Structure formats: structure tokens, C-alpha cells
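Asker: dropping a prediction and its sequence here:
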Amino acid sequence: IDVDLKEENADKLLNQEVDFDKPGNAQFYCLHCARYFIDDQALKEHFRTKVHKRRMKALELEPYSIEESEQAAGKGSYVPPKKRKIETQPTDKQDLRMETKD
């Protein structure tokens, strides 16, 4: 999921081609939870659920890396993971366009 949050991957996932095998034809996707929804209303309702909020809180910490495990084992000095600011993805196409202009 952390790879999906990178800007180039996020754009691809949010602007997928129509796929009739996926819920909502792959047009309504939550990046943070890696889930498809049947329509925009279901996606917006998902943003208010405890499941989504817990996932957002879990994504605040940087993912565990090999370097971090080596530092914790005694190779080098241990640096605790940094907190990131994670915001819920925009839902409207218009919101996406406004963010890219800034």
C-alpha cells in the first residue's frame, strides 16, 4: 500500500481504465485501504468508517525497512521512524485537477 501512495502510482490507480470484473468498474478506489467500491457514495461513506480511519493512522508511520532492523540490532545508531501526514484522497475529478495546478 505504501508503494501505491507514491504520486505516479496513485495517479494510475485513481484513473484506471474501465474494468467490468471489478466493483464499480474500477472507477472508485480507496488508495489507503486498497479497495474498490461500487459508486462514489459508497466510497465517501467508506472515508467516514473506523476501518478507513484506523488505516490512515497506521499509515502515518514510515514502513519498517531493512536498514531500520539493522540499526535496531546494533549496526549503527537507531533512528525511530518519522511520522508522515496522510490525508484522505480527493473524491471528485474537479478536486484532482485543482490539486495538480497548485
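Answerer: Cool, got the structure.

Asker: buried residues, stretch 20-35. List them.
Answerer: 24, 27-33, 35 (16 or more other Cβ atoms under 10 Å). C-betas here are computed from N, CA, C, even on glycine.

Asker: export these to CSV and tack on secondary structure and pLDDT?
Answerer: CSV is the format used below for those (DSSP: H, G, I helix; E, B strand; the rest coil; pLDDT from 0 to 100):
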residue, secondary structure, pLDDT
G24, helix, 90
Q27, coil, 92
F28, coil, 93
Y29, strand, 93
C30, strand, 93
L31, coil, 91
H32, coil, 91
C33, coil, 91
R35, strand, 94
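
Asker: between those residues, which is nearest E62?
Answerer: Nearest to E62 among the buried residues of stretch 20-35 is H32, at 15.0 Å by Cβ to Cβ.

Asker: secondary structure element holding the residue lying closest to the closest one once chain neighbours are set aside?
Answerer: Nearest non-adjacent residue to H32, counting by Cβ to Cβ, 6 or more residues apart in numbering: R55, 5.1 Å away. Per DSSP states H and E, R55 falls inside helix 50-58.

Asker: pull out the buried residues from that helix.
Answerer: Neighbour count says helix 50-58 has 52, 55 buried, by 16+ other Cβ under 10 Å.

Asker: hmm, who's touching that helix?
Answerer: 30, 32-33, 46, 86, 88 (Cβ atoms under 8 Å, 6 or more residues apart in numbering).

Asker: how far off centre is that helix?
Answerer: On the basis of Cα atoms, centre = their mean, to the nearest Å, helix 50-58 sits 11 Å off its chain's mean C-alpha point.

Asker: equivalent analysis for stretch 12-24, please.
Answerer: The answer for stretch 12-24 is 16 Å, by Cα atoms, centre = their mean.

Asker: distance between the ends of it?
Answerer: 16 Å (Cα to Cα, to the nearest Å).
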